[in-house]
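Visitor: Quick one: sequence plus predicted model below, questions after.
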Amino acid sequence: MTRLRDCFPARLQLPPLRKRAEDVADIARVLVRDLTRRSPVPRLEPATVQNLMGQVWPGNIRELRAVLSSALLRSVRRDIAIEHLPPEYRSAPIRHRLTSLQRVEREALLNALEDSGGNKQAAAELLGIARSTLYRKIRTLGIDGRCLSG
């Protein structure tokens, strides 16, 4: 018997959704269309799109799909506004208020935490900083538990 993965000669590695914020709007529109049985398909209000682009998405597309599915139920035949999102997704994380340098530093911290499997001591060593400095930067740069799980 042939396994499904044997039918495909190549495997694509895509960066996590948190590293592709510019793709969130297009992906969200496709997901809303796929999740909707009504016509016309509800639109995502511009503020909602901006908010979704600012989220961290540790669960990647599955998490985005679940959030949009919930929002569609709440929107009751209307376009999807921020108030239709689950409460924990109604405000974007701190990352939009960060400077360019802080965003790069934040991404380096997230990569080190990912590479170390969430072990903060190992991540600090990878970055060449003290563990206490890592904790301070985690707080300052708005990295929360949701970021560390994905």
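Guide: That came through, no problem.
Visitor: wait, what's in contact with Arg43?
Guide: By CB atoms under 8 Å, 6 or more residues apart in numbering, the residues touching Arg43 are 32, 79-80. Any C-beta I mention is one placed from the backbone N, CA and C, and that applies to glycine too.
Visitor: Show me what counts as buried in stretch 100-113.
Guide: By 16 or more other CB atoms under 10 Å, the buried positions in stretch 100-113 come out as 102, 105-106, 109-110, 112-113.
Visitor: Show me what the host helix or strand of Gln50 packs onto, helices and strands only.
Guide: Here Gln50, judged by DSSP states H and E, is contained in helix 46-53. In this structure, helix 46-53 packs against helix 21-35, helix 60-75, with contacts taken as 3 or more CB pairs under 8 Å, 6 or more residues apart in numbering; DSSP states H and E.
Visitor: Mean neighbour count and distance to Thr48 added to the ones you listed, as JSON lines?
Guide: Compiled in JSON lines, those are given as follows (neighbours: other CB atoms under 10 Å; distance: least, CB to CB, whole Å):
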{"stretch": "helix 21-35", "mean neighbour count": "15", "distance to Thr48": "8"}
{"stretch": "helix 60-75", "mean neighbour count": "17", "distance to Thr48": "8"}
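Visitor: which one among the contacts of Arg43 gets closest to Gln55?
Guide: Each of those was scored against Gln55 by CB to CB, and Ile80 proved nearest at 14.3 Å.
Visitor: my guess is the closest one meets Ala47, correct?
Guide: No. If you go by CB atoms under 8 Å, Ile80 and Ala47 don't touch, sitting 10.3 Å apart.
Visitor: Break this structure down into its domains, please.
Guide: Structural domains annotated on the chain: 17-92, 95-148, as defined by automatic domain parsing.
Visitor: In terms of mean pLDDT, which of those domains ranks lowest?
Guide: When the domains of the chain are ranked by mean pLDDT, domain 95-148 comes last with a mean of 82.
Visitor: Number of residues surrounding Ile82?
Guide: 17 (other CB atoms under 10 Å).
Visitor: burial count for Asp79?
Guide: 14.
Visitor: could you measure it against Ser39, distance?
Guide: Asp79 is 14 Å from Ser39, where distance means CB to CB, to the nearest Å.
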